[in-house]
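1. Sequence unavailable; structure follows:
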């Protein structure tokens, strides 16, 4: 079993440049998190994009879909900014023969207190257990992207109430 | 959905007492890990035992089994020392109507570098996705306790080769 | 002995707001750093300003000088952004009866890897040992503000070469 | 300016061996702490002993004294277990031409919450500012080893009350 990881940027990979006193999306952090967590499965990282998810456009999402479709592996984790994670997840639906789990973080992986390690683990665990399809792993839960939104006030994802 | 967490001690909860210059099993760390990771599911912690897993005996394992059987919740995560996690998992088999996932850590949760956060996330994710039964979540993988052992040289769990 | 701490903002206190995906100067971190480091001296924090040091103007520096002059304590540590720390230090010269040590950080205190804890310790140590005057504690050294500059390429402070 | 660092073991360098489920004194942590803290002074580490300070005997202390006397550098930081740090400091008194500062930690450097970084910084700062002699840097203060003891109940060093 091998998990393909596709990174697109977002808060999870934010670093800080003192010289400019600003944040930028840096190198993918996920490989280091997985190594430090002593995982024994095989994985490979494709650093596809390096953007805040608010900056991702339709062409970017199409690139992610193409990258997912082109992987040899069946199991795929996509790290992504949280603001438009749901939109990208919906674009990824329907790629045949793949289990895709998107995750990200509210606080960068390089912080002392971050949800990055937890969310990465949730995604790599879920991708091994779920059937074909596209899912979001955030806040310790696994969501169907059709039934979820980010609640910016409460800083978490939640199910859309049925009407 | 609510997850019941039963803690039994082990490396994951090891703390350090300078006064005696030795390690001891401390308060369960899992609640703090879950809070810091911003989870939105409901959980409750039962601090059942506080032992190195090498010190657990048959009576202790029976107590864990009784605690699992007595929970109201269907989803149960057990934190446990790694050395005899497999033995306890086998004792827990057959409790009806429960999904039980055991996890622990090779390095204490209070270390800067630890597998505790990752393993806790794997367990709470897996317990939501798996059918009734008993499982072990370690090293980023989900194992059947009948087919697994701890490899002390390589510091990880591995499947037992079929004969 | 009591140390007065005056905070003005800067990278050391930078936090991250996911909602806006940007950095802002947050609450002073120094009190928590001192508590976690188990210090036994008495201290009190005055949160005076909360700015990037590039945004500090002459009026701000004058406010810092007035705050220093108005303290009851003889020993004063000022946390400050690194970009204009030298300018502020020079403005503070000549306040009678005070030992003033400025410090800050290149990486926020909330990062897993940060120079904040080290620099805060250097400042509180130096302020106890130095005679009246104004000093900068950065990169493990104590500098005279008249003979120092920030080297932005090398991300550290250095002495100005004598001509 | 160059600082010689002599390490003798103690809690500051404690690591955890899962295989034996016990603590042991590991590699000196101080070099990594100094590098991560972005220090710009020159230093070199002599890993002299690797013991709990309760295990140090008179011969060990004599070895430390000889190592201090034999250094080329004038500025020397000694990392040491806290339980007998005062005894060793007293043995080091009288070595001519040296500024010696001893420090250690109540919690290992590899913990998320530790006083190791703070204490190391205090020691390297103090060694640059103090006159010839032997000192202890702990709990954010600089002590004369003749007037200090470890208070094991309060987990800190304190001055011996004058009689």
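-> Yep, that arrived. Note that the structure is predicted; figures quoted are calculated from it, not measured. Residues are numbered from 1 along each chain as shown, chains lettered A, B, ... in the order given.

2. can you tell me which residues contact the residue of chain A found nearest chain D?
-> Nearest residue of chain A to chain D (C-beta to the nearest C-beta) works out as residue A:112 at 7.1 Å. No exception for glycine: its C-beta is placed from N, CA and C like everyone else's. Contact analysis of residue A:112 by C-beta atoms under 8 Å, 6 or more residues apart in numbering or on different chains lists C:110, C:111, C:112, D:112.

3. you'd agree residue A:16 is in a strand?
-> Yes - per DSSP: H, G, I helix; E, B strand; the rest coil, residue A:16 lies within a strand segment.

4. Just give me the neighbour total for it.
-> Counted with other C-beta atoms under 10 Å in any protein chain shown, residues neighbouring residue A:16 total 22.

5. likewise residue A:40?
-> 15.

6. got it, and residue A:132?
-> Neighbourhood size, residue A:132 [other C-beta under 10 Å]: 11.

7. pLDDT value on the residue lying closest to it once chain neighbours are set aside, please?
-> Nearest in space to residue A:132, with sequence neighbours left out and distances taken as C-beta to C-beta, 6 or more residues apart in numbering or on different chains, is residue A:99 at 5.8 Å. At residue A:99, the model reports a pLDDT of 98.

8. Give me the contact list for stretch A:135-145.
-> For stretch A:135-145, using C-beta under 8 Å, 6+ apart, the contacting residues are A:82, A:85-86, A:89-90, A:93, A:99-104, A:115, A:118-119, A:122-123, A:126, A:130, A:134, A:148, A:156-157, A:159, B:34, B:37-41, B:121, B:124-125, B:128-129.

9. Do stretch A:115-123 and chain B come into contact?
-> Yes - contact between stretch A:115-123 and chain B is present through A:115, A:117, A:118, A:119, A:120, A:121, A:122 (criterion: C-beta under 8 Å from any C-beta of the partner chain).

10. Identify, by residue count, the longest strand of chain A.
-> strand A:42-51 (DSSP state E).

11. Could you confirm whether that one reaches chain C?
-> No - Strand A:42-51 does not reach chain C (C-beta under 8 Å from any C-beta); its nearest approach is 10.8 Å.

12. sorry, back to before: what's the closest of the contacts of residue A:112 to residue A:77?
-> residue C:112 (22.1 Å; C-beta to C-beta).

13. quick revisit: helices - which of the contacts of residue A:112 land there?
-> Counting by DSSP state H, no part of those is found in helices.

14. next structured bit after the lowest-mean-pLDDT helix or strand in chain A?
-> When each helix and strand of chain A is scored by mean pLDDT, DSSP states H and E, strand A:22-25 comes last, with a mean of 70. Where DSSP states H and E defines the elements, the next helix or strand beyond strand A:22-25 is helix A:30-36.

15. buried sites along that next one?
-> A:30, A:33, A:34, A:36 (16 or more other C-beta atoms under 10 Å in any protein chain shown).

16. Tell me which other helices or strands that helix touches.
-> strand A:2-9, strand A:42-51, helix A:116-129 (3 or more C-beta pairs under 8 Å, 6 or more residues apart in numbering or on different chains; DSSP states H and E).

17. So which bits of chain A are right by chain D?
-> Residues of chain A found near chain D (C-beta under 8 Å from any C-beta) are residue A:112.

18. Spatially central residue in chain A, please.
-> Closest residue to the average C-alpha location of chain A: residue A:79 at 2.3 Å, with C-alpha atoms, centre = their mean.

19. So the closest residue to residue A:93 other than its chain neighbours, which state does it fall into?
-> The shortest distance from residue A:93 to any non-neighbouring residue, by C-beta to C-beta, 6+ apart, is to residue A:134 (5.0 Å). At residue A:134 the chain is in strand, as set by three-state DSSP.

20. thought residue A:134 was touching residue A:102?
-> Yes - if you go by C-beta atoms under 8 Å, residue A:134 and residue A:102 touch, sitting 7.4 Å apart.

21. Quickly list what's touching both of the two.
-> Contacts common to residue A:134 and residue A:102, judged by C-beta under 8 Å, 6+ apart, are A:89, A:92, A:145.

22. Which of those sits closest to residue C:74?
-> residue A:89 (59.9 Å).

23. next SSE after the helix or strand harbouring that closest one?
-> Element membership for residue A:89 (DSSP H and E) is helix A:85-92. Helices and strands here follow DSSP H and E; after helix A:85-92, the next one along the chain is strand A:99-103.

24. could you give the angle of that following strand to helix A:85-92?
-> 160 degrees (axes from the mean of the first three to the mean of the last three C-alpha atoms, to 10 degrees).

25. Give me the distance from the longest strand of chain A to the chain's centre.
-> 10 Å (C-alpha atoms, centre = their mean, to the nearest Å).

26. So which bits of the next helix-or-strand element following that strand are buried?
-> Per DSSP H and E, the first helix or strand lying C-terminal to strand A:42-51 is helix A:58-70. For helix A:58-70, burial by neighbour count (16+ other C-beta under 10 Å) applies to A:60, A:61, A:63, A:64, A:65, A:67, A:68.

27. Determine the set of other helices and strands touching helix A:58-70.
-> strand A:2-9, strand A:42-51, strand A:75-79, helix A:85-92.

28. can you tell which of these is closest to residue B:52?
-> strand A:42-51 (31.8 Å).

29. List the buried residues for the closest one?
-> Of the residues in strand A:42-51, those buried (16+ other C-beta under 10 Å) are A:43, A:45, A:46, A:47, A:48, A:49, A:51.

30. ok, residues contacting that strand?
-> A:1-10, A:13, A:25-28, A:30-31, A:34, A:56, A:60, A:63-64, A:67, A:71, A:73, A:81, A:124.

31. Pairing partners for it, with directions?
-> Within its sheet, and counting by DSSP bridges, strand A:42-51 is paired with strand A:2-9 (parallel).
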